[in-house]
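1. how would this look folded up:
(chains A, B, C, D and E, ligands or ions: 4)
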Amino acid sequence: NADDGEVLKIYHAGSLAAPMADLEEIFEAGHPGVNVQREASGSNAAIRKITELEKCAEILNSADYKLIPNMMYPDYADWYIIYASNEIVLAYTDESMYAEEITPENWYDILRRPDVSFFFSNPNDDPCGYRSPMVTQLAELYYGDDQIFDDLIEANTDITATEEDGTWMITVPPTNDLVPPKTDRLTIRSRSVEGLAFLDSGDVDYAFEYRSVAVQHGLNYVDLPEEIDLGSPDEAEGYARVKETLADGQILTAAPIMYGFTIPPCTENPELAQEFAALMLSEEGQEVFEDNGQPPIVPARTDRPDEVPDLLTPYLG
Amino acid sequence: MSRDWGLGFSLREINLDIREGEYFVLLGPTAAGKTLLLEMIAGFYAPDQGVIWIGGVEATRLPPEKREVGFVYQDYALFPHLTAGAHVAFGLRLRGRPDAREKADRLLEKLGVTYLAKRRIQTLSGGEQQRVAIARALATEPRVLLLDEPLSSLDLKTQEKTRGMLRRVQRDLGVTVVHVTHNQSEAMVLADRIGVIMDGELIQVGPPSEVFTRPLTRKAAEFLGVENILPGRIVSSREGIAVIDLDGTEVQVVTHLKDGPVEVFIRPEDIILSDNPISTSARNLLTSEVVEVNVEGALARVFLERGITALITRRSAEEMEIRPGRRLFATFKATAPHVIPRDGGDF
Amino acid sequence: MSRDWGLGFSLREINLDIREGEYFVLLGPTAAGKTLLLEMIAGFYAPDQGVIWIGGVEATRLPPEKREVGFVYQDYALFPHLTAGAHVAFGLRLRGRPDAREKADRLLEKLGVTYLAKRRIQTLSGGEQQRVAIARALATEPRVLLLDEPLSSLDLKTQEKTRGMLRRVQRDLGVTVVHVTHNQSEAMVLADRIGVIMDGELIQVGPPSEVFTRPLTRKAAEFLGVENILPGRIVSSREGIAVIDLDGTEVQVVTHLKDGPVEVFIRPEDIILSDNPISTSARNLLTSEVVEVNVEGALARVFLERGITALITRRSAEEMEIRPGRRLFATFKATAPHVIPRDGGDF
Amino acid sequence: MRPKGFYIWMGAAGSILLLFSFVTIFNMIFTQFLDPMGLLGAITDSSVLASIWLTIYASILATLIAVVSGTPLAYILARKEFPGKRLVESLVDLPLIVPHTVAGIALLMVFGSHGLIGQFSPVRFVDALPGIVVAMLFVSSPFFINSAREGFQSVDPRLEWVARTLGADPWTAFLRVSLPLASRHILVGAIMSWARGISEFGAVIVIAYYPMIAPTLIWDRFLTTGLKASAPISVLLILICMTIFVSLRILARGDQS
Amino acid sequence: MRPKGFYIWMGAAGSILLLFSFVTIFNMIFTQFLDPMGLLGAITDSSVLASIWLTIYASILATLIAVVSGTPLAYILARKEFPGKRLVESLVDLPLIVPHTVAGIALLMVFGSHGLIGQFSPVRFVDALPGIVVAMLFVSSPFFINSAREGFQSVDPRLEWVARTLGADPWTAFLRVSLPLASRHILVGAIMSWARGISEFGAVIVIAYYPMIAPTLIWDRFLTTGLKASAPISVLLILICMTIFVSLRILARGDQS
Ligand SMILES: Nc1ncnc2c1ncn2[C@@H]1O[C@H](COP(=O)(O)OP(=O)(O)OP(=O)(O)O)[C@@H](O)[C@H]1O
Ligand SMILES: Nc1ncnc2c1ncn2[C@@H]1O[C@H](COP(=O)(O)OP(=O)(O)OP(=O)(O)O)[C@@H](O)[C@H]1O
Ligand SMILES: [Mg+2]
Ligand SMILES: [Mg+2]
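-> Ligands and ions are numbered 1, 2, ... in the order given. Here you go, the predicted structure:
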């Protein structure tokens, strides 16, 4: 019952919907009378709710931990904790064109075919969105085919990539807020999860998604090589060869996907927030993330150990 | 021809033959079905049974636009978005007549309302609107002009003027007119023939004098203003003249009826009042006391005992000094009453 | 009292004193402002200037619910959501009368429509609706009953019945009635006094006979059915009797006017037609040829040369065998015409 | 007499739009009927039923507010001429053109916990029933007011005047005459406003994601679990509301004849 | 005579709702006027202008379709009784209760490239103007049809009949009499439907995120840059549309008198 008892509100990235739902169940079982309310949205939207709309949540959970310092410091957050990873895959269904042919070796050739359509989310709105061109650029390097980015991204959008001294800069045009697809082969939506609807309806054949999402929704997916899937901390150096400028001028460096959360200072219920955060970091929490295709990062890491609530410090490395 | 509208109203077995070029008046009380009958003639409703012929053509299934009829509704049903001139030109333009405008102007002139041509309908008085509606209907030279109570919303003076206008227009153009009204004197003045319609049934058709003096049923008689409806019984009958016992008084009346209970209709204006008995063989004489006198414009209505009403001029009433309580002689000719058989026993 | 409605219509300087318990008829053509005047009396509009008194109380600023008036609109303005009985009980219930229902039933009975009490308004005929509207207005025992053309949508027979009913109700309850109409004979029959209103101005107030025989302006005369409006000039005048030159013929007329151009009004029913000259000193005699005869119900309208119209009974017309072309004598009394000064020159 | 051809062509032109709505809605419903288990799952899911009930209930509350405050407003607009009337009328209609998310943000600026009114309000709007209600009220009030105004316009003011002569003060005349006579229009307006509230999504999620109304729940399920989870809820919501809606409209129309 | 008290109380009750709309909308507009540079930035941003123009234009297209197909439908509903009429009327109103995102998904199922119709259509709906138009059409058609129907109902059928006796076939009678006489209602209906199209967000973003209509752009700017970027666009959109809307309504009302 929403009206009585305490409310624990979590704003989280859409890709965290499944593990958060599991954690909600566990937490509510252990805390009778507490009502966990989750609001899934793009990571940006989740943060904007706090910074622009002056709403507040007990926990903010972003698909890219960097958004927390970039967008929330110093007024709306003081620290973040990195606790889980993920990787980019190419999700598809049995009805997708050439579904039976696709492999980690030929996926870019299949995406090149004129009768194949694919999806990624808006780089300006959603971390999965800006990661998709990065993956494509990395694929160019990994497969040694310098036309992959040109054929998949440049041919379909106004996003460009240039090389300079061994680093590649992807540029999302600043004039246009959007990266309106120039062809019918590409669909872009605000959030990566919206691509699922298009896979369902058959409007797109392939979508760049988090592996966790593909797993949770029971989709087929092409498991991309570690070197390009932004999933492996070991490959951080390789990833860092690619950078991306967003429409608002922010420059991001390709890096392993790491989920981060914070407890915003505006929270009305810091104790409860900390207990939930502890659950996320506990072994029980780690299992949940593992099961949902988002391998936990153990031990969790933070940028400001001094600021982190005491309850959480035991979980930090 | 008949049609059921559901909801409790139907037109039943209307059998009507209107002659070309005649001025036919359809007379009936409110809700008799007059408007619906006109609308069926115009083709807005189809009869459930029966056929309609217009000018030698079977029109039962013809759409209204092929029937060559003109319709003037009681409230004129003018187009709120058009000027008077455009109304009249409406039908002509549809026929592709290049001279629509001029012809319309000529018609308006004929009806004496040239000055209205450019005016919007909303700014016209009732009488002006009516002329525009008539001009609109006439413009396409219909065979039949259907008029639905065209006079009832006009004041008396305008009514009188318009009656003359309608008659003139009909004669000049030779159009057949079917004119609906619930007003007897209107019917009387205008009609070549009258059809009496009541409760969806056509009761009687005939020339005005016949319809008014010889109504076929008691209800029609009441509606037609026969105020004296006296129950009686034929005592004897010889050579078309019957002696009728009216509640004790015997009167002589011309009728083909031979015996039995009857109803005697006498129009109030057929009763002559006098101070002294007028002795003529052909006349019936009753004495009676005045109950009430009502002056109505030029006329005075004198209510006598036995429920007899007489209608005389106000002047006569004043000259004879008729007032309640006076005893008078009421005289009527043997030809004045109309007699119909009465159902049921005495009352 | 006056008020401007904008849009070109205003009531101007209405000065009217209606007596308690009288039956006052407000007579005027369409769009004269009759309804608006009634509505001002009821308090739906406030006068721009002037005051309204009702029964010794200044009512100018009183809201309608405090004025003790009853209003019956031409179309009755019944409440579509209530039964007839609820209409009559409406005002009584508002006054918290526990016997509302019974009193309503008694009133309906008085008007002879007890059987309607439970009926919804939509199912009533025009005549029945009217009775309900009157009963509703009477239920609260108003001082003044305002009737806006209560008869005009009824057929002649029902009209006559209703006139009697209205008069009876007014006498029995002693209520003051203001009755609006554009129908002269209605005014004639019902009124204690008549007020003639035209174009927002109250032209004349007086008893019916005076108003009808002595209209104060030409326009009023025309509206009141004075068909003979003859221009003339007073030749001489002695002891209240003037000799007037009517286009060549001299006639003697009772008038207080002494000289100058005049207009002579003669009502058509005041003209007597005869085959032979009737010689009485008090009478004026004209010879004229019949132009046209129109039979209208019980009456015949005879159009003579010189624009003179006479109204006689149909029976007389038939007996005298009047038809176009016949030469007749037209006689009228010296007291019959009404004379008013004429502006401008001869015509 | 029977212009068959005419009505056939008119019908043909008209049925384009009709077919468009029909195909769109019933494609979804029929598809769902192929998966009756999904529907069954939705019917037995208490949070689904709670959210549908909440949607219906919140929209009823919004409609009630619209009726209580909008009826007098509609009456004045129908009866009175006053300077600035055009402005007031425009203001009534204005919510029509405000994009829904903009409306949500605008409402948050006013009713949010730091908003113009929200900061003084003892009632909490954000993520609470009152927030849902104000969002629904904002988008649906024009429908109610316009319909009620037409209702009052169709009541002859002379009926009120006559009631006045019978002793009714303005209130009584309003309550006993105008209101019952405009009741059908008021009812239709209320139904429309209720339906409009049900369907609102954009404005509601900004101010009150929680408690979840059905459109939010459907969206949330769609994002987290996909169409399979969200479609049955959509169909259930539409079936329930359609039943209520059609019955109410038949009721409202029934009055007419 | 002048029931002051009555109207004051009615006005007071009515102004609650009025004030609610007023405060919500004008709070946003006034706040923006404190930052005129932001507004100036929006006015000079070509993609903002393009999206506002696209919104207006797409909604005009949707309204045009509603007018072309909805006018005959409204005419039939106003004039004819036929079995299943209640059903058709309900179908007309049904889009009112469908939550907007559900409508978007339902439209995608029909007009998507693998949808019921979309798979055969040579025209692409997803992420294209036609998709925006069908989404707007879906949500706004009830407003047009209901208004046009009322218009035709207010035209006395006897006027058409009289036109028929003058030689007009049913088409001509419709075009020359009924249509001009219902034109004010049709115009008002078109304006309402246009306004409703402008404000749609939930249904449009599902089927056509691109090209961005203003509500989408506003939402997108809000997500990427925040209120500072999105608010001026909202205000600009509302000001432009309000100007058009109010002028059109005044035009439509002007006809009346
Ligand atoms: N379209 C219709 N469907 C069903 N009943 C109708 C229809 N039109 C009229 N009626 C009913 O049929 C009856 C006759 O109507 P009609 O209009 O023909 O009367 P009328 O003789 O013209 O009367 P009035 O003198 O009042 O005009 C009335 O009871 C009326 O209510
Ligand atoms: N509320 C109003 N505002 C402005 N003008 C009005 C108003 N009501 C009526 N009028 C105009 O005032 C004039 C007089 O109207 P009123 O209704 O009093 O006429 P009437 O004498 O009752 O005529 P009728 O016999 O046709 O009922 C008409 O020209 C009418 O158009
Ligand atoms: Mg009729
Ligand atoms: Mg009047």
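
2. from here on, contacts and neighbour counts on C-alpha atoms
-> Will do.

3. Confirm for me that residue A:167 is in contact with residue A:238.
-> No. Look at residue A:167 against residue A:238 with CA atoms under 8 Å: they stay out of range, at 10.2 Å.

4. Settle it for me: which of the two has more neighbours?
-> Neighbours were counted for residue A:167 and for residue A:238 using other CA atoms under 10 Å in any protein chain shown; residue A:238 has more, 16 against 12.

5. For the helix or strand harbouring that one, give me every contacting residue.
-> For residue A:238, the element it lies in under DSSP states H and E is helix A:236-239. Residues from elsewhere that reach helix A:236-239 (CA atoms under 8 Å, 6 or more residues apart in numbering or on different chains): A:138, A:227-228, A:230, A:253-256.

6. Would you mark the buried spots in that helix?
-> For helix A:236-239, burial by neighbour count (16 or more other CA atoms under 10 Å in any protein chain shown) applies to A:236, A:238-239.

7. Output those as a markdown table; include the columns distance to residue C:234 and pLDDT.
-> Below are the buried residues of helix A:236-239 laid out as a markdown table (distance: CA to CA, whole Å; pLDDT from 0 to 100):
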| residue | distance to residue C:234 | pLDDT |
| --- | --- | --- |
| A:236 | 127 | 91 |
| A:238 | 128 | 92 |
| A:239 | 125 | 94 |
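
8. Kindly reformat those as a markdown table containing distance to residue C:330.
-> Output for the buried residues of helix A:236-239, formatted as a markdown table (distance: CA to CA, whole Å):
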| residue | distance to residue C:330 |
| --- | --- |
| A:236 | 129 |
| A:238 | 129 |
| A:239 | 126 |
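
9. Could you single out the nearest of these to residue D:187?
-> Set against residue D:187, the nearest of the buried residues of helix A:236-239 by CA to CA is residue A:239 (63.6 Å).

10. Spatially central residue for chain D, please.
-> Central residue check for chain D by CA atoms, centre = their mean: the C-alpha nearest the mean position is that of residue D:193, 2.3 Å away.

11. Which other helices and strands does the lowest-mean-pLDDT helix or strand in chain A contact?
-> When the helices and strands of chain A are scored by mean pLDDT, DSSP states H and E, helix A:195-201 comes last with a mean of 82. Where contact means 3 or more CA pairs under 8 Å, 6 or more residues apart in numbering or on different chains; DSSP states H and E, helix A:195-201 is packed against strand A:118-121, strand A:206-210.

12. partners of the longest one, with directions?
-> Okay, so that is strand A:206-210. With DSSP bridges as the test, strand A:206-210 is paired with strand A:88-92 (antiparallel), strand A:118-121 (parallel).

13. Now the element after the shortest one, going C-ward?
-> In this case it means strand A:118-121. With elements assigned by DSSP H and E, the helix or strand that comes after strand A:118-121 is helix A:127-143.

14. which residues are in contact with that following helix?
-> With CA under 8 Å, 6+ apart, helix A:127-143 has contacts from A:43, A:63-64, A:88, A:120-124, A:146-149, A:152-153, A:168, A:170, A:191-192, A:208-210, A:227-230, A:239, A:242-244, A:254.

15. And the helices in the stretch 51-200 of chain D?
-> D:85-93, D:100-111, D:129-153, D:157-165, D:170-173, D:179-199 (DSSP state H, counting those that start in this stretch).

16. Which among these is found nearest to chain B?
-> Counting by CA to the nearest CA, chain B lies closest to helix D:129-153 out of the helices of the stretch 51-200 of chain D; the figure is 20.2 Å.

17. model confidence over the closest one, on average?
-> Averaged across helix D:129-153, the pLDDT comes to 94.

18. cool, stretch A:119-134 as well?
-> Rounded mean pLDDT across stretch A:119-134 is 90.

19. now do stretch B:240-253
-> Averaged across stretch B:240-253, pLDDT comes to 83.

20. what do you get for stretch D:16-29?
-> Averaging pLDDT along stretch D:16-29 yields 91.

21. who touches stretch A:289-297?
-> Residues contacting stretch A:289-297 (CA under 8 Å, 6+ apart): A:18-19, A:82-86, A:211-213, A:215-216, A:286.

22. any chance of those residues in JSON lines, with pLDDT too?
-> Shown next, in JSON lines, are the contacts of stretch A:289-297 (pLDDT from 0 to 100):
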{"residue": "A:18", "pLDDT": "85"}
{"residue": "A:19", "pLDDT": "90"}
{"residue": "A:82", "pLDDT": "94"}
{"residue": "A:83", "pLDDT": "94"}
{"residue": "A:84", "pLDDT": "93"}
{"residue": "A:85", "pLDDT": "91"}
{"residue": "A:86", "pLDDT": "92"}
{"residue": "A:211", "pLDDT": "91"}
{"residue": "A:212", "pLDDT": "88"}
{"residue": "A:213", "pLDDT": "87"}
{"residue": "A:215", "pLDDT": "86"}
{"residue": "A:216", "pLDDT": "82"}
{"residue": "A:286", "pLDDT": "94"}
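
23. Among these, which one lies nearest to chain E?
-> The nearest one, if we look at these relative to chain E and count by CA to the nearest CA, is residue A:213, at 19.3 Å.

24. you'd agree the closest one is up against residue A:15?
-> Yes. Counting by CA under 8 Å, residue A:213 touches residue A:15, with 5.9 Å between them.

25. Can you pull up the most central residue in chain A?
-> For chain A, the residue nearest the mean C-alpha position is residue A:63 (3.9 Å; CA atoms, centre = their mean).

26. Show me the residue of the stretch 101-250 of chain B that gets nearest to chain A, please.
-> For the stretch 101-250 of chain B, CA to the nearest CA, closest residue to chain A: residue B:120, 55.2 Å.

27. quick revisit: which of the contacts of helix A:236-239 are buried, as a ChimeraX select command?
-> Per 16+ other CA under 10 Å, the buried members of these correspond to this ChimeraX selection:
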select /A:138,227,228,230,253,254,255,256
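
28. Pick out the most distant pair among the contacts of helix A:236-239.
-> For these, the farthest-apart pair by CA to CA is A:227 and A:253; their separation is 15.1 Å.

29. Measure how buried residue 274 is and give me the count.
-> Assuming you mean chain A. 20.

30. ah, I was thinking of chain B
-> Residues near residue B:274, counting by other CA under 10 Å, number 15.

31. what's the closest non-adjacent residue to it?
-> residue B:329 (5.2 Å; CA to CA, 6 or more residues apart in numbering or on different chains).

32. Understood, closing this out.
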